[in-house]
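**Q** Here is the input, now give the coordinates:
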Amino acid sequence: MNKAYAVASNIVSALGITTAANWSAVAAGRTGIRQYEDASLSNTPFMASKPGPDHWQMIYEQTKENASLSPFERLAFYSAKDALSNYEGDLKAAETIFILSTTKGNIELLGQEADEKLLLSHSAGLISKALGLQATPIVISHACVSGVIALDYALRLLQSGRYKNVIVTGCDRFSRFVLSGFQSFHAISKEACRPFDADRKGITLGEAAATIVLTSEPQQRPMARLLSAATSNDANHISGPSRTGEELAMTIKRAMAAAGLEAGDIDMISAHGTATVYNDEMEAKAFGLSGLTNSPVHSFKGYTGHTLGAAGVMESAISIEAIGRQLLIPSPGYASSGVSEPLNVTTEMQATEINHVLKTASGFGGCNAVAVWGRPTES
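**A** Below you'll find the predicted structure:
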């Protein structure tokens, strides 16, 4: 069975428009979350994380040959294009497929453009064509687990030999539609989100794009290997997660078993960590049931907010950087535990041996997804 190696990445967020820029911000302890007052998005001030005007100017300059693309499509295209520019190998178009992970796509254009332009498949097709690919692209739109499921699908495509290369891009824009939806759940925090902390008050939303280029035949030293992935759906509630964490724990155990690992082999956990009362509690219980209470854990959402369809790809990309640098990622906003299970939450960047990283994601409807990343030398 073929293996899946990560050979290039990109992250576009409020922290910067390259993976290196995002890592530098994390190393400096900077967060991209701030307060906005924008009547086009909300009638009241709100906390959010979005690429700034300077970021967008650079994105538009780098994608000016594709001016017909919508802002969402240009954001995703830029991310994929930049990731590919960081890979020196030759990804033959006939052997490569594009996967788009998103929850809302061009939803901000609802009522302004023809309905077909809002189809996620339409956007994926335009981006894939702009990348010069031939295969019909794949869209993964499955709530907040979309990014991890997209990586799982890419893994299976590579393992089967159907393709030699997969470009996975996760992207979602910040819009009034999305913000008002979470406001209706009373889930938005009035301050920067604080995952797993006793004083957490809810979600902060973010805008981002991220890309990971995967291949079964790396032509240069890979960054990491995607060892395994697993998914489940507990059908618990239209929006609320499981109260026991058993279903996510089952998914974690399946992913670890597929990778041939035990709990003690996990050196870092990149949690979903949305900072809502129920999600953080559910995850903590799942980690406890999986024997992972001692593994260092963090949530990246304290830096960028919850970026929806981009989250699983972006948080995997930054985890790959952690593997390469052998540094644990701190969890911003955490001061004291606000969950019932003990967790080893990382509060400062520190050097350690990182061979295996567990990435978790959970979403509306009770969906769960888990990916296991390893060092590129992993057999």
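**Q** Surely Leu151 is in a helix?
**A** Yes: judged by DSSP: H, G, I helix; E, B strand; the rest coil, Leu151 forms part of a helix.
**Q** Adjust the sequence numbering to begin at 54 for everything that follows.
**A** I'll keep to 54 as the first residue from here, and by that count the last item is Leu204.
**Q** How much space separates it from Gly344?
**A** Distance of Leu204 to Gly344, computed by CB to CB, to the nearest Å: 24 Å. C-beta here means a position set from N, CA and C on the backbone, and glycine is covered the same way.
**Q** So between those two, which is more surrounded?
**A** Leu204 (30 against 16; other CB atoms under 10 Å).
**Q** Verify the contact between that one and Ala282 for me.
**A** Yes: between Leu204 and Ala282 there is a contact under CB atoms under 8 Å: 6.2 Å.
**Q** tell me, what's touching these two both at once?
**A** Ala424 (CB atoms under 8 Å, 6 or more residues apart in numbering).
**Q** Break the chain into its domains for me.
**A** 58-268, 277-427 (automatic domain parsing).
**Q** Can you get me the start-to-end distance on the shortest one?
**A** By that I understand domain 277-427. 6 Å (CA to CA, to the nearest Å).
**Q** Repeat that for the longest one.
**A** Chord length of domain 58-268, first to last residue, is 5 Å (CA to CA).
**Q** Give me the mean pLDDT for that domain.
**A** Regarding domain 58-268, the rounded mean pLDDT is 97.
**Q** could you point out the longest strand in this structure?
**A** When the chain is parsed with DSSP state E, its longest strand is strand 277-286.
**Q** Buried residues of that one, list them for me.
**A** For strand 277-286, a neighbour-count test (16 or more other CB atoms under 10 Å) marks 277-285 as buried.
**Q** repeat for stretch 332-352
**A** Using 16+ other CB under 10 Å as the test for burial, stretch 332-352 gives 332-345, 348-352.
**Q** what do you get for stretch 108-117?
**A** Buried-residue list, stretch 108-117, by 16+ other CB under 10 Å: 108-109, 111-112, 115-116.
**Q** Also stretch 228-243?
**A** 228-229, 231-232, 235-236, 240-242.
**Q** of the residues you listed, closest to His195?
**A** Relative to His195, the closest of the buried residues of stretch 228-243 is Val231; by CB to CB it sits at 16.0 Å.
**Q** sorry, back to before: can the buried residues of strand 277-286 go into JSON lines with extra columns for distance to Asn75?
**A** Output for the buried residues of strand 277-286, formatted as JSON lines (distance: CB to CB, whole Å):
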{"residue": "Ala277", "distance to Asn75": "16"}
{"residue": "Arg278", "distance to Asn75": "21"}
{"residue": "Leu279", "distance to Asn75": "20"}
{"residue": "Leu280", "distance to Asn75": "23"}
{"residue": "Ser281", "distance to Asn75": "25"}
{"residue": "Ala282", "distance to Asn75": "23"}
{"residue": "Ala283", "distance to Asn75": "27"}
{"residue": "Thr284", "distance to Asn75": "26"}
{"residue": "Ser285", "distance to Asn75": "30"}
